[in-house]
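S.K.: below are the sequence and a predicted model; questions follow.
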Amino acid sequence: MSIKLVVIGGVAGGATAAARARRLDEHAKIVVFERGEHISFANCGLPYYIGGVIKNRDDLLVTTADDFSKRYCIDVRSLSEAVAINRKEKTVVIKNVMTGETYAEPYDRLILSPGAEPIRPPIKGIDNELIFHLRNIPDTDRIKNHVDTHHPKSAVIAGGGFIGLEMAENLVLRGVATTIVEKQEQVMASLDYEMAGLVHAHLAEHGVTCVLGEAISAFEKKGESLVVKTDNGNVFDCDMVVMSVGVKPERRLAREAGLEIGDLGGISVNAAMQTSDPDIYAIGDAVEVFDVITGAATRTPLAGPANKQGRIAADNAMGRRSLFRGTIGTAIVKIFDLTVASTGANEKGLVAREIDFMTSHTHSGSHASYYPGAEIMSVKLLFSPSDGKILGTQIVGFHGVDKRIDVLATAISGNMTVYDLETLELAYAPPYSSAKDPVNISGFVAANRLKGDSEAISWNEMAALDPACDVLIDLRNKDELDESGRIDGAVHIPLDELRSRLSELDKNKRYILFCAVGLRGYIGCRILSQHGFDARNLSGGFKTWLGASEKIMAESCDTPLWRAE
């Protein structure tokens, strides 16, 4: 007797699950219900259609209901909303969105892929017609139609996450002056502050204003435009607002059916993507899974994990054993010319879970420096001080960031260490990399710390330095100081002069050495330490310091420690 599988929700998770189930069982009865009109669309591409990067709306449709049905012999019912689950009778109550009529659909196995919905904070005036959310194609159509027909001159983006940053870029491409209002002290919560600082600078270069550490408190209509007020008393006039303050799992159906809900508000599942009911599976943005690094429950609203979970749920629903091994949260985003990527844990997550870690910062060329077009990418590596196991990585740069984050995500998944990164044999030709790839470089620097070859100090430890015993030495050349700026109070000794000027130094002092990106700082530390001096290298050098300098100046001292010359 063939099984009947019912899938609630399409897009990344549900459509993948249904297609996988059909490939496993040609004779199964498979029904997919989708509340919207489109069973599978490229929701990650929606901002780029608004910005005109993607020209053809139909390109957003991964497949149509008719095409999907024909290829996989699946009963696809769009505009059909699941409103209740009767677990005892093993039926789902379905409402026709167009007519309001309801009926019961029986199932043997059920896969829930309801997704997540945009958070709508209880802010005064949030129901104004000039305030938009972006989740699906109808939302996209509304935003694009507004931009096309009303030609707004200014916009406020509420929230500095993935969607907020992508919308900021694409509105700027449409000629809309854009302000991001973010209640945290930084955009991109997956990054640590000094890495986010590089993003802040790039946004400013492209005319995007970032208002950080402030939350929107009210919206008010002002003629044909809006007034946006923040809790710090700032007021912004704009022609439109895009809310992008996060998403929450669509759990109503599961909760009302009595399925277990996790502490983070998502549907609880085991490694087989099975809910507390053995005949019901759940996947995608609506579920809680576990974080590979911390072991804690987490929600990962990303298309990649949703696709994999859909495949795994289908395997188990159709009788094949398959397990989800957890998530490391690998993500990447394009922000104008910049690429920002992360995988694994960041400092905030490790501190919250009381997991010991060390960090390194490196700044390497995207390919050989002598081949035209090489650009710097900044890499932050987090690793275990006991065995060098890689815990997380953040990369901000231009070309080649995607390649390196994928290598490092694979390394984390394979339980590799920083010592393994030193020896990885990666593809090299001048247009693509260097003989020592940025991944190798990050391993060298981290391993040097673990081996005791170099003692480092992080940017956020600089404020605790004691001028009476700590001395900063700037190893850069004079022209670099004139061009890039300097740290007040630092003694300038170019690296090539360091050995000849050892007599000027005091072995009772501790020396903090820095250069542009950290390499000369490391060399300087090796020189001083082998001559009996206590030396530390500023991790990531002046570039990392500069990325975090805004926070350093705001929190650490009354007089700015950095100044442009």
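M.R.: All right, it came through fine.
S.K.: how close does residue 172 get to residue 53?
M.R.: 12 Å (C-beta to C-beta, to the nearest Å). Any C-beta I mention is one placed from the backbone N, CA and C, and that applies to glycine too.
S.K.: neighbour count winner among the two?
M.R.: Neighbour tally, residue 172 and residue 53, criterion other C-beta atoms under 10 Å: the higher count belongs to residue 172, 18 against 13.
S.K.: CA-only coordinates of the helix or strand hosting that one in CSV, if you can.
M.R.: Here residue 172 sits within helix 162-173, counting by DSSP states H and E. What follows is helix 162-173 as a C-alpha-only set of coordinates in CSV (Å, rounded to 0.1, in the frame of the first residue of the first chain):
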residue,chain,number,x,y,z
PHE,A,162,20.6,40.8,5.5
ILE,A,163,17.4,42.0,4.0
GLY,A,164,17.9,45.5,5.3
LEU,A,165,21.3,45.9,3.8
GLU,A,166,20.3,44.3,0.5
MET,A,167,17.3,46.7,0.3
ALA,A,168,19.5,49.7,1.1
GLU,A,169,21.8,48.8,-1.8
ASN,A,170,19.0,48.3,-4.2
LEU,A,171,17.1,51.5,-3.2
VAL,A,172,20.3,53.5,-3.7
LEU,A,173,20.6,51.9,-7.1
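S.K.: show me what that helix packs onto, helices and strands only.
M.R.: Contacts defined by 3 or more C-beta pairs under 8 Å, 6 or more residues apart in numbering; DSSP states H and E place helix 162-173 against helix 46-50, strand 154-158, strand 177-182, helix 193-205, strand 240-243, strand 331-335.
S.K.: tell me the mean pLDDT over the following helix or strand past the shortest one?
M.R.: Sequence-wise, the next helix or strand downstream of strand 240-243 (DSSP H and E) is strand 247-249. Strand 247-249 shows an average pLDDT of 91 in the prediction.
S.K.: for strand 247-249, the distance to its chain's centre please.
M.R.: From the chain centre to the centre of strand 247-249 is a distance of 16 Å (C-alpha atoms, centre = their mean, to the nearest Å).
S.K.: contacts for that strand?
M.R.: For strand 247-249, the external contacting residues (C-beta atoms under 8 Å, 6 or more residues apart in numbering) are 114-119, 135, 265-267, 285-287, 299, 301.
S.K.: again, but for stretch 320-332
M.R.: 24, 162, 190, 271-273, 289-293, 298, 300, 302, 304-305, 308-309, 311-312, 315-316, 339-344, 401-402, 405-406, 409, 412-413.
S.K.: sitting in helices, which of those do you find?
M.R.: 24, 162, 304-305, 308-309, 311-312, 315-316, 401-402, 405-406, 409, 412-413 (DSSP state H).
S.K.: what subset of those is buried?
M.R.: 24, 162, 305, 308-309, 311-312, 315-316, 401, 405, 409, 412-413 (16 or more other C-beta atoms under 10 Å).
S.K.: now for those, which pair is the farthest apart?
M.R.: Spanning the widest gap among these are 24 and 401, at 36.6 Å by C-beta to C-beta.
S.K.: look up how far residue 541 lies from the residue with the largest distance to the centre of the chain.
M.R.: Residue distances from the centre of the chain (C-alpha atoms, centre = their mean) peak at residue 503, which lies 48.4 Å from the mean C-alpha position. Residue 503 is 25 Å from residue 541, where distance means C-beta to C-beta.
S.K.: over to residue 278?
M.R.: Look at residue 278 and residue 541: by C-beta to C-beta, they are 55 Å apart.
S.K.: more neighbours, the two?
M.R.: residue 541 (26 against 11).
S.K.: pLDDT at the more buried one, what is it?
M.R.: 88.
S.K.: my guess is it meets residue 514, correct?
M.R.: Yes: counting by C-beta atoms under 8 Å, residue 541 does reach residue 514; the two are 5.0 Å apart.
S.K.: overlap in contacts of those two?
M.R.: residue 521.
S.K.: want to throw the helices and strands packed on helix 162-173 into a markdown table with mean neighbour count, mean pLDDT and distance to residue 432?
M.R.: As requested, the helices and strands packed on helix 162-173 are exported to a markdown table (neighbours: other C-beta atoms under 10 Å; pLDDT from 0 to 100; distance: least, C-beta to C-beta, whole Å):
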| stretch | mean neighbour count | mean pLDDT | distance to residue 432 |
| --- | --- | --- | --- |
| helix 46-50 | 24 | 93 | 26 |
| strand 154-158 | 25 | 97 | 35 |
| strand 177-182 | 22 | 97 | 34 |
| helix 193-205 | 21 | 93 | 23 |
| strand 240-243 | 24 | 96 | 37 |
| strand 331-335 | 18 | 95 | 18 |
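S.K.: would you reformat these as a markdown table and include distance to residue 382?
M.R.: Output for the helices and strands packed on helix 162-173, formatted as a markdown table (distance: least, C-beta to C-beta, whole Å):
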| stretch | distance to residue 382 |
| --- | --- |
| helix 46-50 | 29 |
| strand 154-158 | 29 |
| strand 177-182 | 23 |
| helix 193-205 | 11 |
| strand 240-243 | 32 |
| strand 331-335 | 16 |
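S.K.: wait, which of these is closest to residue 358?
M.R.: It is, among the helices and strands packed on helix 162-173 and with distance given as C-beta to C-beta, helix 193-205, at 15.2 Å.
S.K.: what packs against the closest one?
M.R.: Applying 3+ C-beta pairs under 8 Å, 6+ apart, one finds that helix 193-205 contacts helix 162-173, strand 209-212, strand 331-335, strand 338-344, strand 376-383, strand 390-397, helix 541-555.
S.K.: now do whichever helix or strand comes after the shortest one and strand 177-182, the angle between them.
M.R.: Which is strand 209-212. For strand 209-212, the succeeding helix or strand toward the C-terminus, using DSSP H and E, is strand 216-222. Relative orientation of strand 216-222 versus strand 177-182 (axes from the mean of the first three to the mean of the last three C-alpha atoms, to 10 degrees): 150 degrees.
S.K.: in strand 216-222, what counts as buried?
M.R.: In terms of neighbour count (16+ other C-beta under 10 Å), strand 216-222 has its buried residues at 216, 217, 219.
S.K.: same check on stretch 75-93?
M.R.: For stretch 75-93, using 16+ other C-beta under 10 Å, the buried residues are 76, 77, 78, 80, 81, 82, 85, 90, 91, 92.
S.K.: which of the contacts of strand 247-249 tops the neighbour count?
M.R.: residue 287 (32 neighbours).
S.K.: point out where the stretch 251-400 of the chain drops to low pLDDT.
M.R.: Within the stretch 251-400 of the chain, no stretch has pLDDT under 70.
S.K.: how does it look with 90?
M.R.: For the stretch 251-400 of the chain, the stretches flagged by pLDDT under 90 are 300-304.
S.K.: ok, the stretch 101-250 of the chain next?
M.R.: In the stretch 101-250 of the chain (pLDDT under 90), the answer is 116-119, 135-137, 223-224, 246-247.
S.K.: can you pull the contacts of residue 297?
M.R.: Contacts of residue 297 by C-beta under 8 Å, 6+ apart are 262, 263, 264, 288, 289, 290, 291.
S.K.: run the last query once more with 6 Å
M.R.: Residues in contact with residue 297 (C-beta atoms under 6 Å, 6 or more residues apart in numbering) are 262, 264, 288, 290.
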